[in-house]
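Peer 1: predicted model follows, preceded by the sequence.
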Amino acid sequence: MSANRTAGEDSRGTIGIRLLEAPVARRDDPRALMYIVDHVSPGTVIKRRLEVSNTTDELQRLALYPAAADIVHNSFGMARGHAQNELTSWMSLDRPSVAVPAGGNETAQVTIKVPPTASLGERYGVVWAQAVAKPDDAHGVRVISRVGIRVYLNIGLGGEPPSDFQIEKLTPMRAPDGRPQLLATVRNTGERTLDMSGTLSLSDGPGGLRAGPFSADLGVTLAPDNAAPVTVTLDQRMPDGPWKAELTLTSGMVKRTVTATLTFPRSGMGLAVSPDSNLLTLLGVIGGLVVLVATFVLAIGLRRRRARSVQSRQSAGSSPGGSREPAPPNFDDR
């Protein structure tokens with residue numbers, strides 16, 4: 001199982017790193033194909049294979065090591081250098097360095113040993129592949145390039161903590177360069193950290209125009225109970241509106257879609273609007289009501305059939321020829 005590649009590029013090519021495997025339970029989770037995302041109990045040991053690639057025209061000697069990370073100002077913040085934290089003290093690599101030939105790749109394995117005494121909660125880290133270019137005639141200073149794979153490790157007992165979020169409001173605005181933007185305020189209502197992505201589609205615009213989809217700007221990482229704006233930037237030639245906006249945001253396997261009617265201002269911030277009910281949630285409510293109504297109708301039908309069966313038995317017991325063995329209730333609707 002492979003993941004998207006993270007690459008560092010210079011004029012000669014790139015170095016990259018990606019996951020080669022992920023938990024079977026997360027095979028449908030896009031985040032788990034890019035990052036090490038897992039929920040384990042204290043005392044668990046997990047291993048993940050990595051691939052390091054080199055598209056430059058020279059052999060690259062890369063150092064492999066774990067380093068600390070944290071959620072800072074709603075972004076995944078990676079520490080400088082080899083800074084360590086609790087999670088990185090549990091991590092090790094089977095190869096501290098690799099020599100990757102030009103146009104080639106090498107594999108390595110990272111192991112995370114969670115102590116039996118580990119406290120519950122989520123930890124963050126990065127597995128880095130780092131290249132150091134020594135000074136030469138063309139470059140008078142040492143150049144450090146590194147690419148990494150994020151680690152989101154949740155320690156807890158029992159099943160996976162829930163992941164969820166709400167889109168609370170939509171605010172149309174103009175960027176300083178005049179391009180229209182949509183700011184969606186998103187709140188993490190679950191118990192796992194989220195990486196937000198998504199698209200915006202517009203319809204029912206002036207003259208029946210449609211536009212999109214436009215991709216949301218990446219980089220928003222939300223810890224539980226936190227809220228932050230997710231921004232979608234549109235083409236500067238877009239009319240102000242009004243538009244019917246349909247915004248879909250995702251994090252892993254969690255997806256939410258909301259709609260709203262909005263108009264982009266000529267400058268600055270526009271009027272914030274509350275989106276319509278989440279479409280997935282609304283469908284869930286409708287589905288629940290259908291099941292409830294069907295259950296109610298079935299219960300009424302069963303009661304009526306039982307009543308007819310009782311009347312039939314009473315009539316048979318009082319008819320000439322004496323009593324009869326009561327027939328079992330008939331629940332066949334045919």
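Peer 2: That came through fine.

Peer 1: hey, let's count contacts and neighbours off CA atoms from now on
Peer 2: Noted.

Peer 1: quick one: contacts for residue 195?
Peer 2: Contacts for residue 195 (Cα atoms under 8 Å, 6 or more residues apart in numbering) come out as 219-222, 251-252.

Peer 1: out of those residues, which is most surrounded?
Peer 2: The most crowded member of these, judged by other Cα atoms under 10 Å, is residue 222 (26 neighbours).

Peer 1: quick one: the helices in the chain?
Peer 2: For the chain, the helices defined by DSSP state H occupy 30-34, 279-317.

Peer 1: returning to what we had before: among the contacts of residue 195, which are in strands?
Peer 2: Residues of the contacts of residue 195 located in strands (DSSP state E): 221-222, 251.

Peer 1: turn those residues into JSON lines, including distance to residue 79 and pLDDT.
Peer 2: Output for the ones in strands among the contacts of residue 195, formatted as JSON lines (distance: Cα to Cα, whole Å; pLDDT from 0 to 100):
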{"residue": "221", "distance to residue 79": "16", "pLDDT": "97"}
{"residue": "222", "distance to residue 79": "18", "pLDDT": "97"}
{"residue": "251", "distance to residue 79": "23", "pLDDT": "96"}
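
Peer 1: save those as TSV, and put in distance to residue 59 too.
Peer 2: As requested, the ones in strands among the contacts of residue 195 are arranged in TSV below (distance: Cα to Cα, whole Å):
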residue	distance to residue 59
221	35
222	39
251	37
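
Peer 1: among the residues you listed, which one sits closest to residue 42?
Peer 2: When the ones in strands among the contacts of residue 195 are ranked by distance to residue 42 (Cα to Cα), residue 222 comes first, at 24.4 Å.

Peer 1: which sections of the stretch 101-250 of the chain are below the confidence cut-off?
Peer 2: Within the stretch 101-250 of the chain, the ranges that satisfy pLDDT under 70 run 134-143.

Peer 1: what sits against the nearest residue to residue 56 once chain neighbours are set aside?
Peer 2: Of all residues not flanking residue 56 in the chain, residue 13 sits nearest, at 4.1 Å (Cα to Cα, 6 or more residues apart in numbering). Listed by Cα under 8 Å, 6+ apart, the contact set of residue 13 reads 54-57.

Peer 1: pLDDT at residue 13, what is it?
Peer 2: As predicted, residue 13 sits at a pLDDT of 83.

Peer 1: run through the bridge partners of it.
Peer 2: Counting by DSSP bridges, residue 13 is bridged to residue 10.

Peer 1: could you do residue 227 as well?
Peer 2: Counting by DSSP bridges, residue 227 is bridged to residue 187.

Peer 1: same check on residue 37?
Peer 2: On the basis of DSSP bridges, residue 37 is bridged to residue 152.

Peer 1: I'd like to know how far it sits from residue 237.
Peer 2: Residue 37 sits 40 Å away from residue 237, going by Cα to Cα, to the nearest Å.
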